[in-house]
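Trainee: Can you look at this prediction? I've put the sequence above it.
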Amino acid sequence: MGARLVVLFSLFLIPVFAVAQDTRQDVTLSALGNFPFQSKGGNVTIDLTNSGGGDVHYRLYFKTHSAIEAGYGYTRGTFYYAEDQTSVGGGIVSLIQGSSIHEFTAAYVYHFWDDHRFKPFVLGGGGGVIFKPSGGTSANSLFGAVSQARGAYIYGGGVDYHITGPFTLRMVYRALNFKAPDFFGAGLTTHSWMRTSAPTLGITYKF
């Protein structure tokens, strides 16, 4: 499934680059933070540690205020799984799993105040997240954990601040939402969404 997401993401980029020859474009390199919220469903609770990483985004403007954006982000984190078995005479079963997190997204972007030094914008879109198990195994690691892909959707906004020439400072807040992974491990799933606040700060090059 992870390979399918990469292929679909690549197919999305083909028409983008095909029309990019005569249109305004920019590329942004950013520092990325992921600050997740708890996912809970049934008797299972899943938490994910805060983490930092980086991302790159390509933006293509096709109207004065409109653009489409494709991006990739990378972070690492640790998932904490807790299953409440008190109803069957047990306790709280706790398991952990480290993971590399690869984010592939595409979004529509609407810009305001195109002729100002400050240019705020809003965005919304979707994509996929690939989780790859990492770290050593221990007694409380998920058994048989393998890579897993989840669909995702995003929304948010930000502001561009023109620095000089083709360079702009870009500050963005994205809310990334995905179904919490279980790595096909012990069957610990909430069947619900996990939301992460994902602010970024980066430098944009316009061309």
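Mentor: Nice, I can see it.

Trainee: all strands of the protein, in order?
Mentor: 25-36, 39-41, 44-48, 51-61, 66-84, 92-111, 118-134, 148-164, 167-179, 193-206 (DSSP state E).

Trainee: closest one to L142 among those strands?
Mentor: Shortest distance between L142 and these, using Cβ to Cβ, is found for strand 92-111: 4.5 Å. For every residue, glycine as well, the C-beta is placed using N, CA and C.

Trainee: packing partners for the closest one?
Mentor: The contact analysis (3 or more Cβ pairs under 8 Å, 6 or more residues apart in numbering; DSSP states H and E) places strand 92-111 against helix 2-18, strand 51-61, strand 66-84, strand 118-134, strand 148-164.

Trainee: Just the buried residues of that strand, please?
Mentor: Neighbour-count burial for strand 92-111 flags 95-107, 109, 111 (criterion: 16 or more other Cβ atoms under 10 Å).

Trainee: and of those, the nearest to Y80?
Mentor: Out of those, the member with the shortest distance to Y80 (by Cβ to Cβ) is I96, at 5.5 Å.

Trainee: That closest one contacts Y81, correct?
Mentor: Yes - using Cβ atoms under 8 Å, I96 makes contact with Y81 at a distance of 7.1 Å.

Trainee: and for these two, which residues touch both?
Mentor: By Cβ atoms under 8 Å, 6 or more residues apart in numbering, I96 and Y81 have these common neighbours: L142.

Trainee: pLDDT value on the spatially most central residue of the chain, please?
Mentor: By Cα atoms, centre = their mean, the chain has its centre lying nearest to E103, at 4.4 Å. The per-residue pLDDT reported for E103 equals 97.

Trainee: List the residues that contact it.
Mentor: Taking Cβ under 8 Å, 6+ apart, we find E103 in contact with 55, 71-75, 127-129, 152, 176.

Trainee: Give me the buried entries from the residues you listed.
Mentor: Counted by 16+ other Cβ under 10 Å, the contacts of E103 give 55, 71-73, 75, 127-129, 152, 176 as buried.

Trainee: wait, which of those residues is closest to P120?
Mentor: Nearest member of the buried ones among the contacts of E103 to P120, counting by Cβ to Cβ, is G71, at 18.6 Å.

Trainee: can I assume that closest one is in contact with T105?
Mentor: Yes - if you go by Cβ under 8 Å, G71 and T105 touch, sitting 5.1 Å apart.
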